[in-house]
Structures are given as structure tokens and as C-alpha cells.
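A.B. asks: Quick check, what structure comes out for this input:
(chains A, B and C)
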Amino acid sequence: MSEAKSAAFSIQICRIMRPDDANIVGNVHGGTILKMIEEAGVIISTRHCNTQPGDRCVAALARVERTDFLHPMFIGEVAHVSAEITYTSKHSVEVQVNVMSENILTGAKKVTNKATLWYVPFSLQNMDKVTEVPPIEYASPEQEEEGKKRYEAQKMERLETKERNGEMIMPVLSPDRQTKEPYTVGFSQSSLIHLVGPSDCTLHSFVHGGVTMKLMDEVAGIVAARHCKTNIVTASVDAINFHRKIKIGCVVTVSGRLTFASNKSMEIEVFVDANPLVQPGEGKYRAVTAFFTYISLDKEGKSLPVPPLKLETEEEQKRFEEGKARYLQNKAKRLAEKERQQ
Amino acid sequence: MSEAKSAAFSIQICRIMRPDDANIVGNVHGGTILKMIEEAGVIISTRHCNTQPGDRCVAALARVERTDFLHPMFIGEVAHVSAEITYTSKHSVEVQVNVMSENILTGAKKVTNKATLWYVPFSLQNMDKVTEVPPIEYASPEQEEEGKKRYEAQKMERLETKERNGEMIMPVLSPDRQTKEPYTVGFSQSSLIHLVGPSDCTLHSFVHGGVTMKLMDEVAGIVAARHCKTNIVTASVDAINFHRKIKIGCVVTVSGRLTFASNKSMEIEVFVDANPLVQPGEGKYRAVTAFFTYISLDKEGKSLPVPPLKLETEEEQKRFEEGKARYLQNKAKRLAEKERQQ
Amino acid sequence: MSEAKSAAFSIQICRIMRPDDANIVGNVHGGTILKMIEEAGVIISTRHCNTQPGDRCVAALARVERTDFLHPMFIGEVAHVSAEITYTSKHSVEVQVNVMSENILTGAKKVTNKATLWYVPFSLQNMDKVTEVPPIEYASPEQEEEGKKRYEAQKMERLETKERNGEMIMPVLSPDRQTKEPYTVGFSQSSLIHLVGPSDCTLHSFVHGGVTMKLMDEVAGIVAARHCKTNIVTASVDAINFHRKIKIGCVVTVSGRLTFASNKSMEIEVFVDANPLVQPGEGKYRAVTAFFTYISLDKEGKSLPVPPLKLETEEEQKRFEEGKARYLQNKAKRLAEKERQQ
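C.D. replies: This is a model prediction of the structure:
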């Protein structure tokens, strides 16, 4: 691939981390990083999808693959986010993103995240019409083949998630810490409500996926802090599927509840519900769901044990078992990867 | 009222307090809280006014009743704002809001504010046309009767304030600390000037009432800090009437001056003047006025004595007497309420 | 120079332009661009100054050379800011910055700005102590020689400006459009007043130079809009010298007044005065001054004639002549440059 061509497929975003990007002890929120990742993703994929004649289009985030937060980032550090397109199907774009933190005083650099995002282009004339994605060139047939496998795998998973969401009807009620016992699910359960404004949106008045993820991480952080009462940080995010777009003027309710806790980590399920404020005909709808994993840290940044979760209902018990299965599966995957790397 | 119905009339907003929400010692600005209160109010009243067929509309803040700040809130705490509709007249909505701070590390919770807001719905087709408000159901005829009394009382007061504003012509000049003696009105007199941008506005390009109140509290805080040279916090806000809407692209001048100081508190009069930047027909106009009361705190958060105010003109003397009357009246009200509660 | 080394001397920032970055017709504010330029500059110079052992330090903006805005940028476009270090003296760093706009829908790219910034490193232990700058390697002795010339030239100019500022004592009074005639200096004269918060500051609680420049451009834009009552955009900024740092908690007054108008452009003089809120010893001080040039555009983006400036005092006449001299000098420079390039 010539240099001119490869430049079109990559982008670099960087920014100094400010006080509002972080919690009280200076740890940059996972949500701030997810928002930067998505900004890089939407630029590179929208740019790519407009490299051919025909309808102008804008790329909308469809899915983020499971993401681990490898190292904490701090206020005053510079976050470097670099993104490149690694696969294209007829209607979707895969973007790989790397995040690095740089302490400009000491020169220390750390890879803090790697993420994979899937985008789908929508026509500007008709935001319900998906446009075609121009193909990229691959360095080798193997590379293309691997991309295709990733594409098929995520497609399958998205279909499965759709089903699961259909079943969920129970809304997360507002927390009731007066009557709820500490360490129960109800005790730490939390919600945020946000009115979508112009700065949250793309030019076409749909909420940036990154803005939604930032809100999701914020509510997950509140749940985790309520459960542990310590400094908590995002350890990972399970794959997130964006089922429906959210428009400007909606009231967005983001709710989180603990589903599982091991000795070292907590899993928090997060729901995003959108409610158009002035169009009453359109009712509230579930736009996104995800699982966030948090860990608890002491003042020196060392891992603290997480208090056990008190289960009260059969539903909670069931969700706990499912969370445990995900936890064990991810643990097994990490171990397998470590072995492969050695 | 069935539970499903009551849900439509209530809303809960919560958010972690960040560095930008607070002053240097970590006390959350009263203005930040007023802004959150108003966001809850505008969501719930706009939603309610759109529950019937006909013109789509957006609720605009018309009045905030006197509000006391009962306890300080700090960075890192979670602010919970819950709002419900408590009365509707043909053209206005009364919203009651409660604010609670939660320290998610210690679990400590405190009620920090209670506020009452009045909204008026305007048609989206024609922002000068007030639309009709669908009636709410009351738990009892007495409840409705009490609401009606509150409605009549605030209506009367709003009319009176209009009169009072008509008389005011003198603009607050820029402070002149070179020639002014400390502790005079002229010494601490301050202004903020802000160009209204998209983020300050509703979808219909009018400034959110909460944004205006935040600027008002900010200037009152500057006046109080200049007078005391200590850590100062908002203790209460007198009833605020929003006479005229402010549009995007206006330059807003918010000015404050001390009117009264007791041993323990200061009263600051705040004016909001709007000036459309390029519309030639419209000149500068007074949009809002209010009285803020501030107290001075030491590093441990204990109340400090406020330096006496040096009066220089007859005008200042007159305003001082009026401020003193308001101060004594509020004190009497608080005492009466305390006795009633015992 | 090896590739690894050159990477340390360059940086790329990019970001999608949002509604808050632009005026009502969608033109990105010159101030938004200046702020991004400065963020790139402070990252690259702070990073470079910490590449040697000894005191950790942070770079503070000392001067921005004259900057032309070559093309407008619009909401939804991606701004690419790339910076590299081009010269170092014992105590200062020269950074060259290029800004490019990219329309990701059409693929159109334009160079919108080129800027040169000078930074001085201050010790973190003692913010009054200037630290030493590690030298960079030059491609050729000629390159170093040219850098040295630029360094000497700006040093001389900074000394001269200090003198000029010393003379100015008259503060810009608040505008008085009731009694002032249109097209006079007094009619369009404007101010913004802002309380410095955490997000405006570096980790060491000093205001980012870019934040100050954004406020300066904002007030200059208000002056220009009041004079022309049309869509106005920043055409250029004269060299800006940052004489004194501004700390968190200061009230910053940014004032602008017209000094000169040709048929096609206006020159606006901008002053930044800082006033520490609670430090009793320190009074108000002049932190920065600059000249901004604006042009007036119609709805298609074509240049409109600027109404002539009505001069009322001898002072205004004197400033007009000085402005005219700067205008003619810059025009001559631009012509000379054009001829050189042909």
C-alpha cells in the first residue's frame, strides 16, 4: 500500500487530560477514553465511506468489542489515540484503535487501551438508508480472511444480543438506600438522566456513540463507588451493541446495577433508555446495554478486595450466575492469550 | 393516583460533582445546583405539556420561589435532584424540586435544597404563543386548593416585581477598586459578561433559565468574595422572576452589588441585561433580577463574621434599609416555621 | 536526524468542530483554532523541556507571531493541527504549527493557518524560575542561523511592546450604545468578564494561553459584529505577547475597541486585565494585549464593505493613524511575499 493511501486509513487524536476528565484522586474516567476512541473511529470511518462517488454519508457506531483498560491514565498526561481501518464488509467498517498515555514531564509512555469498533454508514439524504462501503486493500489474503472471521463473529453476537434485549422489560428503579441493606443490588443501583444538547450530537443531530459510552461509564462508576466506598476504576467493558440511534432533544436515562462480584472485581450492567421529549407518539426505547467491570484501589493504586454482593431475589441469583460465567470465560481467554504470547 | 401515572409527573436527575462545579476549596457553587434544578424542571414540565394532541411546545422558566441552601455540597459527591409537578393552571406548571447530596464513600446523605419553579409552555410553531397546560389529578380537593393559593400568590408577586423593575434604570458600573475604599458598595461591585452560545440554549435557541441563574450566582459570589476575602457560599436566593427570554447570540451582562450586610450574611442584588448582537431594532433590555444571600466560612466550614458595609450615598442607604427589611422578614418566617415544626 | 528523534519534536492534534466552536452561521471561531494551536504548542514544548535530567518544568506561552486565517473552517469539519519545534534558545522554544481543515464528506482539505509560538519553561518547584531548554539538532547551520534571527527579532519586539503597554493606563469603559452614535468607537466597544475555573488552567493552576486567546477573539468578534451587523470572521491576529501569567480564581476582563477600518477590514485592539479575587496584596494588572483584524461576509461568504469608523477624539484619531500604518505595512509584506513566491 502506498504511503498516500495508508494515510487516508489512519488518524491520530491527542489531548491533555483536564480536571473534569478525571475523578477526585486524578484517575481519568474510562468514559473519557471511550469517548476519544469513538471520536477517532467516527472520523476515520466517515472519511473512508465518502471516498467514492454517490450519496454523502455519515458513519454511526454499531458495536464496540470487549475492551480492557490496561493502565490508569492521570490528569495532566497526554492521551494519544490512533485509529486505522482494518476490515470492511459491504455495509460496515472495522476500526482498530490504540490509546497511549504520555507523561510529558517524565517521558513515560504506556499503552492503556486497545479497542475494536464497528461502524455502519447512513445516507445524509435519508438517515434510514445504509450506504455501501468502499473496499480497502489488504496486505495479504490471510489478513482479509481474519477480518472476515471477526466480522462474522460480531454479526452473530449482535443478533443474539438483540434477542436478549427483547426479553428485558423491568426498568431499573431509582435507588432506595433508606430501606435497602448495604451490599445488596438495590443499595448501589443508580441512574443518570441527561437532556441531549447540540454538543452531544453529530452534524445530523444523532448522539455520538462516545457521548453515550461516557454516560454509561459514569453511572457504572457511581454503582461501583456505592458498593465499595473506595477509589474505583474501569477495568474493562464487554462488547457494546448500539441497537437504535438517539436524537437531539431526547431525555436519556442511563441505569446501572451490580450483577456479579468476585473478590477482585465487580460487573455492572448498564441500560440506556431514550425518550423523545416533545414527540409523545414515540415512546421510550432501549438504545444500548453493556457490562462494565470495575476494580477497587487503595490510595497507592493497589488493588483492594471487593465486598461480596448480597443477593436477595432469584432474578439476582440468575444474573449473578451469568455474570460469573462471563467472568470465568474472560479469565480463561486472558490466560490463553498470555500463554500464546509466551 | 396510580403508580404508572405518577411516574409521568416525576423525574430524578443525578450527577457527580466535578472540579468545574465548585470553588477552589471544593464547595459546589449554588449556581451549579440551581442549574440542575432547572434542568429537571424543564424536562418534567415540557414532557407534561406535550401529553395532549395539538401544538408541540417547550416549557420556559417563568419564576423560581425563594430557595434556601441548607447544607454545602462538595466535589466528588453525587447530587440527586428529584422533581414532580404539583400544580397546573391553564397556562402554567408548578414543579417542586428536592436536592440531596450523597457522599458515596461514607454513605452520608443530606437534603441541601428544596425549590419551587413555575413554567409556561410556548408553541414550537410560534414562540410568542402560550399553549394550554393539560390538568393533573390531585390526591384531594384540599391539595388542589392549596396549589391554587400558591399560584395566585406568585402571580400577584410577579406583577409587583414588574412594576419595581420599571423604575430601575441605573446600570451597575464597572468596579473601581483603585479609588474605592474597601467595604464600600463600589469596591465589591462586579460584573460578568458572556456571549450566549449553543450549549447555553434549549433546542429553540433560548437561554436555559438554569444557565442564567448559574451566571447570577457566579457574579454574586465574586461580589461576596471581594467584600469578605474568605471562602463564601450561597445561603439563599430570593424569588426570581424571568421577565423576558434571552436568545442565542446575545451578549449577557450580569452585574451584582451589595445591598445589605448583617453580622452573619450579605445580600447581593443581581441584574441580568441582554443585548442582541446584530438585530438592529432591539436594544439592551433587563431580563432578570434577584437577591442572593451569601455567608462567609473559615477553612473548617464554620461561619465567620461579615465585615460591615460602608454606605456612601443616600441611594445605598435606602437599598440597605430595604435589604434589612427583607432580612428581618425572612428571619421571622424561618422562626415561625421552626416553631410550627416543633 | 533519526526518525525516533524527530517524532519527539512533532505532534498532531485533531478534532471534529462542534456547534460550540462556531458562530451561528457555522464559521468556526478564530479563537477555537488559536486554542487548539496553543494546546499542541504546550504539549510539544513541555515534552521537549523535560527530556533532560534536573527540575521538572512546564512551558508557558510567551508570544504568538502574527497569524493569518487563510480559509474559513466549518462545523462538522475535522481540524488537524500539527506542531514541531523549529528553534531553541537557552530559555525559549520556537514551535511552528500548521492547521488544516478536512471535510470528511467531500474529502476537501485546506490549509487554514500557520502559526509560530514561543514558549518559556518554568520550574515546577518554583514557578518564578525559568529553567534551561535542551538544544535541538538542526538539519543545517543555515537553519540554525535563521532560527536565531527569528529569535532575536521577536525578543526585540517583546521589549518594545512592554514599553508601549507601560504607557497605557486608560481602561476600556463599558459600552454605551444609548448615547453613542453608530459607527463610533464607543458604540461597538465591548468587554467580556470571566471567572477563571479549573478547566481553563494547566495542572499548575495558570490559565492556558489558548484559553486567553479564545476570549480575546470572542470579544473582538463582538466588537466587529456590533460595528458591521453582519457575519464577521477573523482574518488575522497581530503578534501577541504574554507579559504576565494569570492564576486560577482571577476575574479576567477582556476588552476590545475598534482602532482602524479600511474598506475591507477592521482592526480591533484587545486588552486582557486580570484581577485576583481574594489575594489582598495584588491588584488588577494588564496581562496581554493584541490587535485582531476582522472582515465582514455576506451569506455566500463573499467579502462585504466595512462601514467607515467615525472618529470623535484626538486619541482615536492617533490610534487610527497607527492602525493604518500597521495595515499598510502588512499589505506591503503580503505583496512582497506573493512576488517572492512567483
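A.B. asks: Check whether residue A:255 really touches residue A:268, as I assumed.
C.D. replies: No - using C-beta atoms under 8 Å as the test, residue A:255 is too far from residue A:268 to be in contact (10.2 Å). Heads up, the C-betas are built off the backbone N, CA and C, glycines and all.
A.B. asks: For the two, indicate the residue with more neighbours.
C.D. replies: Of the pair residue A:255 and residue A:268, residue A:268 is the one with more neighbours under other C-beta atoms under 10 Å in any protein chain shown, namely 29 against 23.
A.B. asks: So the more buried one belongs to a strand, correct?
C.D. replies: Yes - under DSSP: H, G, I helix; E, B strand; the rest coil, residue A:268 sits within a strand.
A.B. asks: how far is the helix or strand hosting residue A:326 from where the chain is centred?
C.D. replies: When elements are assigned from DSSP states H and E, residue A:326 belongs to helix A:314-341. Put simply, helix A:314-341 sits 18 Å off its chain's centre (C-alpha atoms, centre = their mean, to the nearest Å).
A.B. asks: And stretch A:144-163, by the same measure?
C.D. replies: 17 Å.
A.B. asks: Ok, stretch A:42-49 next?
C.D. replies: On C-alpha atoms, centre = their mean, the centre of stretch A:42-49 falls 19 Å from the chain's centre.
A.B. asks: one step back: just the mean pLDDT for the helix holding residue A:326, thanks.
C.D. replies: Helix A:314-341 shows a mean pLDDT of 92 in the predicted model.
A.B. asks: Pull out the C-alpha coordinates of stretch A:236-243 and format them as CSV.
C.D. replies: Extracted in CSV, the C-alpha atoms of stretch A:236-243 (Å, rounded to 0.1, in the frame of the first residue of the first chain):
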residue,chain,number,x,y,z
SER,A,236,-13.0,-3.5,31.1
VAL,A,237,-16.1,-3.1,29.1
ASP,A,238,-17.8,-6.0,27.5
ALA,A,239,-18.9,-5.7,23.9
ILE,A,240,-21.5,-2.9,23.5
ASN,A,241,-24.1,-3.0,20.7
PHE,A,242,-25.8,0.1,19.6
HIS,A,243,-29.3,-1.0,18.6
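A.B. asks: about what we covered before: which other helices and strands contact the helix holding residue A:326?
C.D. replies: Using 3 or more C-beta pairs under 8 Å, 6 or more residues apart in numbering or on different chains; DSSP states H and E, the elements in contact with helix A:314-341 are strand A:250-261, strand A:266-276.
A.B. asks: Where do the helices of the stretch 1-150 of chain A begin and end?
C.D. replies: A:3-8, A:30-49, A:141-167 (DSSP state H, counting those that start in this stretch).
A.B. asks: looking at the ones you listed, which is buried most?
C.D. replies: Comparing those by mean neighbour count (mean count of other C-beta atoms under 10 Å in any protein chain shown), helix A:30-49 ranks first with a mean of 26.
A.B. asks: hmm, that helix touching chain C?
C.D. replies: Yes - interface with chain C: helix A:30-49 contributes A:39, A:42, A:43, A:46, A:47 (C-beta under 8 Å from any C-beta of the partner chain).
A.B. asks: what's around the closest residue to the first one other than its chain neighbours, how many residues?
C.D. replies: Counting by C-beta to C-beta, 6 or more residues apart in numbering or on different chains, residue A:210 is the residue found nearest to residue A:39 once chain neighbours are left out, at 5.7 Å. The tally of other residues near residue A:210 (other C-beta under 10 Å) stands at 24.
A.B. asks: Output the below-cut-off pLDDT ranges for chain A.
C.D. replies: Counting by pLDDT under 70, chain A shows low-confidence ranges at A:1-9, A:162-178, A:279-282.
A.B. asks: Show me what from it comes close to chain C.
C.D. replies: Residues of chain A lying close to chain C (C-beta under 8 Å from any C-beta) are A:11-16, A:18-20, A:39, A:42-43, A:46-47, A:50-51, A:56-58, A:75-76, A:78, A:102, A:104-107, A:124, A:198-199, A:202-203.
A.B. asks: Sort out for me which of those are in strands.
C.D. replies: Among those, the ones falling in strands (DSSP state E) are A:11, A:12, A:13, A:14, A:15, A:16, A:57, A:58, A:78, A:102.
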